[in-house]
Structures are given as structure tokens and as C-alpha cells.
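Peer 1: sequence first, then the predicted structure:
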Amino acid sequence: MSAVPFVVVHPDPAVLAQAVAARLITRLTDVQTERGTASVVLTGGTIGIATLAAVAASPARDAVDWRAVDVWWGDERFVPADSPDRNEKQAREALLDVLDLDPERVHPMPASHAGLSAEEAADRYAAALGSGVAFDVLMLGMGPDSHVASLFPGHPALHENDRLVVAVHDSPKPPPTRVSLTFPAIQAAREVWVIASGAEKAAAVRVALTCDQLAAPAAGARGVEKTLFLIDRASAAEIPGQ
Ligand SMILES: O=C1O[C@H](COP(=O)(O)O)[C@@H](O)[C@H](O)[C@H]1O
């Protein structure tokens, strides 16, 4: 069972990043109030990293007990750990480095220099996930081609129904080799938030709301309890009625 998407439109990318940051702080605080710990899946990409920077800049970030947050990634570029292309590196610089996190609860995907193939890296990440993939909030940026995580149109990973994590080769967006959560992992999250900004994402937003996940991967970004499309006005331009 997955939640029907609900679209929230913000005026511009700056307000969008601030609003998603506020929503994330509130979500993690609420979950911790209920259960003590919370889990979040981070995304790379322009607005995903801007959102993390907005969390870092928010005085309200201290409402969260960061030592009791599990941090995961939706996808990773399979490059050396110190590469500026790493989603992990960008997330650490934008936010994680200023938080009092429990290092045991931070779960980056393996980097390429760890002596593993991308397939082995994916298997290792799946083992770390175990069967507990009911993330409290899973954030996804989206490409103009409607890719989410590293699930690209036409790629075999879209047909993965069993494994939670896969290696991705020949990514149309560099770098070519990646590791990604699959639809089964994404769709097990309690809340899935797709975050997009800019006119170049308008067509992708439209197809994500109207097509199926094989035609438009972002159409498979659905949470169990809640699915949100958190977007700016420019990327909402092709939604009928906007
Ligand atoms: O390569 C990636 O791209 C997408 C979207 O990036 P954007 O710069 O167009 O916002 C991102 O969601 C994904 O995590 C990343 O690996």
C-alpha cells in the first residue's frame, strides 16, 4: 500500500530548502518523541544539499537529538571517498560535520577505493540495512529525466523487485558507476519526500505524477504513510491547474 502524492509548492529554491529543512526537523523531533530514535535517508543533488545546509543554519536543529538519528543514503556515486562527487562528502560538508551524531548510526555507502566492486558495495549496504528499511523519512532529489536516487529511465535497476540495493553502471549522468536503493527499499519508507526545483524539472514533476515507475522512475517514489512532492513554482509549471 502506498500513499497518494501530495504536492506542496514553494515560491523559489531558497524558500523550498528552508521549508524542507523545517519539515525535516519537525518530522525527526516528532518521531523521537514517539519512539526515541528516528531514521532519515539523505539525497544528493542541488536542492538536496541546499536543504541540508538549511538544516545546519537553522537554530531549530537542536530540537533533534542527533545522537539518536540513523543516517542513510538513497544513492551514492561510486568514486573514491575524498571525491567531491560523493553525496556523502557533500552531506558531511553541508550538515553532518556540525552535528553531534553517533558515528555508529551514520551509514555511508562504500566508496570505490574500499577494494570492492560496485556490486559488492551494494550487497554490503543491503546487509547493513538488514530487514529494517522502514525509514521514517526518505528524501529524494529528482533529475530532469525523472531519475530518483540512481534509478534512471530504461535501466535494469527499475525491474529489481527483491534486492534493496543495486550497483548501477552506465549512468547517463556522471559519474557512470553508482550504488542505489531500489524501489522495494524506497517504497518501504514511512514517508517519501521528492524535492525538486527549477524549470528544467517541470516535465519530470508532471510525469512523476502521471506515469508509471518504469516510464518515469520518480513515479515509483511513494511512501507507505505519506508521499510528498516538495517543489518550487518553476518546477510545478506543468502540473495541470498550477
Ligand atoms: O546524481 C544525482 O542526481 C540527483 C538529482 O540531482 P540535481 O542536482 O538535479 O538536483 C540526486 O537526487 C541524486 O542523489 C544524485 O546522486
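Peer 2: Thanks, I have it. Numbering: from 1, shown residues only.
Peer 1: ok, then the element right after the helix ranked longest in the chain?
Peer 2: Taking DSSP state H as the criterion, the chain has its longest helix at helix 13-35. Counting by DSSP states H and E, the element after helix 13-35 in chain order, helix or strand, is strand 38-42.
Peer 1: coming back round to it: got the angle for the longest helix of the chain vs strand 38-42?
Peer 2: 150 degrees (axes from the mean of the first three to the mean of the last three CA atoms, to 10 degrees).
Peer 1: let me see the contact set for the nearest residue to Trp66 once chain neighbours are set aside.
Peer 2: Spatial nearest neighbour of Trp66, excluding adjacent residues (CB to CB, 6 or more residues apart in numbering): Leu99 at 4.5 Å. (C-beta placed from N, C-alpha, C; glycine too.) Residues in contact with Leu99, defined by CB atoms under 8 Å, 6 or more residues apart in numbering, are Ala56, Arg61, Trp66.
Peer 1: what residues does the protein have near the ligand?
Peer 2: Proximity of the chain to the ligand, by CB under 6 Å from any ligand atom, involves residues 43-48, 74-75, 77, 87, 140-141, 143, 149-150, 173.
Peer 1: mind redoing it with 5 Å?
Peer 2: Contact residues (CB under 5 Å from any ligand atom) of the chain with the ligand: Thr43, Gly44, Gly45, Thr46, Asp75, Gly141, Gly143.
Peer 1: in helices only, show me those residues.
Peer 2: Reading helices off these with DSSP H, I get Thr46.
Peer 1: and the longest helix of the chain, what does it pack against?
Peer 2: strand 5-10, strand 38-42, helix 46-57, strand 137-141, strand 191-196, strand 226-232 (3 or more CB pairs under 8 Å, 6 or more residues apart in numbering; DSSP states H and E).
Peer 1: re earlier: quick check: the two most widely separated of the residues of the chain next to the ligand?
Peer 2: Thr46 and Asp75 (14.6 Å; CB to CB).
Peer 1: may I see the buried residues of stretch 19-30?
Peer 2: Residues of stretch 19-30 classed as buried by neighbour count (16 or more other CB atoms under 10 Å): Ala19, Val20, Ala21, Arg23, Leu24, Ile25, Arg27, Leu28, Thr29.
Peer 1: and for the second one, nearest residue in space, chain neighbours not counted?
Peer 2: Which is Val20. Thr51 (4.6 Å).
Peer 1: all set now, cheers.
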